[in-house]
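*Asks:* need a structure here:
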Amino acid sequence: MKSIEKLHLNCSSVFKKVTPEGTSFSARATSLTGAVPDLSLGMPCCLNASTIRPVPLLDKIRIAGEAGYGAIELWHDELNAWFAGGGTMADVRSALADQGLIVPTTIYLADWFDAAPEAYSVVLEECKRRMAQAAELGAPYVIASPPAGEADHDLGSARYRELLEIGAAMGVKPSMEFLGFVDQFNTIEDALDVVERCDHPDATVVLDPYHVFRGGGEMESILKLKAGQVAISHFNDAPGTPTREEQHDHNRVMPGEGHLDLARYCALLRKIGYEGWLSLELFNEKHWAEDPAEVARVGLEKLQQWWS
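*Replies:* Reported below is the predicted structural model:
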């Protein structure tokens, strides 16, 4: 079994905040049951912490807030490193409250889909621990990653339903992600098949234009989804080179700096009635070497060009 960890990283409160321009932005976090953005000022924009990954955890939160985002997606490996270094969940929650940010998803549950029977109980316990972290942060969703290799949809659907049942008791919903660069789970259709097979009302998918492209899928497949089946949409672009088959996470570029038809992508999201978070997710080492505050600022401007 390939490690999805290696594949991915190779490469009821009301918060109000004022952007640097003085614009009031509000977003409502409905405790552990969902994050409902205020759409009065346009569609909501989120920063995925991977975009400025080298920055310490609490600084990521501060930078996202100061740039004007309404939310930030946090990664469990960074949370675990923070706790291992003596930090607390209270520190993280306080930093989020100071910036008026909510956490729409945490990232991610690994290896659950295709773990061998003898290893599954250990994997499931780690998933439970991560779901508990998500719940403590008030995140309505936690992203559940797909298998890196062979994908048994019958087994994956049964295990996904189990995760959803566990999550329902905790107040957090695992959301099925497809990844364009994995072998057998790289399209909207793959994720939707597991969602439909598991037959659970909380089943959702994570969308991402880069993964649609990288997996060789079609953006029009978004029309197969209902708005309530989309937990969040990541957002980014793909360069013209290298070839599609050679690209990986680190090749992603800022929205509008590649060749993807992002206008069509956003139009399709609106057509199905999606009004949730658009989250800037990059793993670009060039941006990691730049001023993270400037990367966040430019990224927000790019998001707002497409999602307003």
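
*Asks:* so which residues of the stretch 201-308 of the chain form strands?
*Replies:* 205-207, 230-235, 278-280 (DSSP state E, counting those that start in this stretch).

*Asks:* just tell me which of those strands ends up closest to Ala115.
*Replies:* strand 205-207 (20.2 Å; C-beta to C-beta). (Glycine included, C-beta is placed from N, CA and C.)

*Asks:* which strands and helices sit next to that closest one?
*Replies:* Other elements packing on strand 205-207 under the criterion 3 or more C-beta pairs under 8 Å, 6 or more residues apart in numbering; DSSP states H and E are strand 173-177, helix 188-198, strand 230-235.

*Asks:* list the buried residues of the first one.
*Replies:* Of the residues in strand 173-177, those buried under the neighbour-count criterion (16 or more other C-beta atoms under 10 Å) are Lys173, Pro174, Ser175, Met176, Glu177.

*Asks:* cool, the longest one as well?
*Replies:* Along helix 188-198, the positions that meet the burial threshold by neighbour count (16+ other C-beta under 10 Å) are Ile188, Asp190, Ala191, Leu192, Asp193, Val194, Val195, Arg197, Cys198.

*Asks:* and it, what does it pack onto?
*Replies:* If you count contacts as 3+ C-beta pairs under 8 Å, 6+ apart, helix 188-198 packs onto helix 153-170, strand 173-177, strand 205-207.

*Asks:* and which of the buried residues of strand 173-177 is nearest Pro54?
*Replies:* Looking at the buried residues of strand 173-177 and their distance to Pro54, the nearest is Glu177, at 23.3 Å (C-beta to C-beta).

*Asks:* hey, what's the closest residue to Gly276 other than its chain neighbours bridged with?
*Replies:* The shortest distance from Gly276 to any residue other than its chain neighbours is 6.0 Å, reached at Ile232 (C-beta to C-beta, 6 or more residues apart in numbering). According to DSSP bridges, the partner residues bridging Ile232 are Val206.

*Asks:* how close does Ile232 get to Ala97?
*Replies:* Distance of Ile232 to Ala97, given as C-beta to C-beta, to the nearest Å: 21 Å.

*Asks:* the more surrounded of these two?
*Replies:* Ile232 (28 against 13; other C-beta atoms under 10 Å).

*Asks:* highest mean neighbour count out of the helices and strands packed on helix 188-198?
*Replies:* Most buried of these, by mean neighbour count (mean count of other C-beta atoms under 10 Å): strand 173-177, with a mean of 28.

*Asks:* how far out from the middle of the chain is that one?
*Replies:* 9 Å (C-alpha atoms, centre = their mean, to the nearest Å).

*Asks:* from the contact counts, what lies against it?
*Replies:* Judged by 3+ C-beta pairs under 8 Å, 6+ apart, the packing partners of strand 173-177 are strand 105-109, strand 141-144, helix 153-170, helix 188-198, strand 205-207, strand 230-235.

*Asks:* still on that earlier bit, contact partners for the residue nearest to Gly276?
*Replies:* Cys46, Glu73, Pro104, Thr105, Tyr141, Ser175, Val206, Leu207, Gly276, Trp277, Ser279 (C-beta atoms under 8 Å, 6 or more residues apart in numbering).

*Asks:* low-confidence ranges in the stretch 201-308 of the chain?
*Replies:* The stretch 201-308 of the chain contains no residues with pLDDT under 70.

*Asks:* show me where it has helices.
*Replies:* 209-214, 262-271, 285-288, 292-306 (DSSP state H, counting those that start in this stretch).

*Asks:* TSV please, covering those and showing mean neighbour count and distance to Val123.
*Replies:* Formatted as TSV, the helices of the stretch 201-308 of the chain follow (neighbours: other C-beta atoms under 10 Å; distance: least, C-beta to C-beta, whole Å):
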stretch	mean neighbour count	distance to Val123
helix 209-214	25	23
helix 262-271	17	32
helix 285-288	15	30
helix 292-306	19	33
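
*Asks:* count the neighbours of Gly85 for me.
*Replies:* For Gly85, the neighbour count with other C-beta under 10 Å is 9.

*Asks:* Gly258 versus that one, what's the distance?
*Replies:* Gly85 sits 36 Å away from Gly258, going by C-beta to C-beta.

*Asks:* now Leu163
*Replies:* Applying C-beta to C-beta to Leu163 and Gly258 gives a distance of 33 Å.

*Asks:* good, we can wrap up now.
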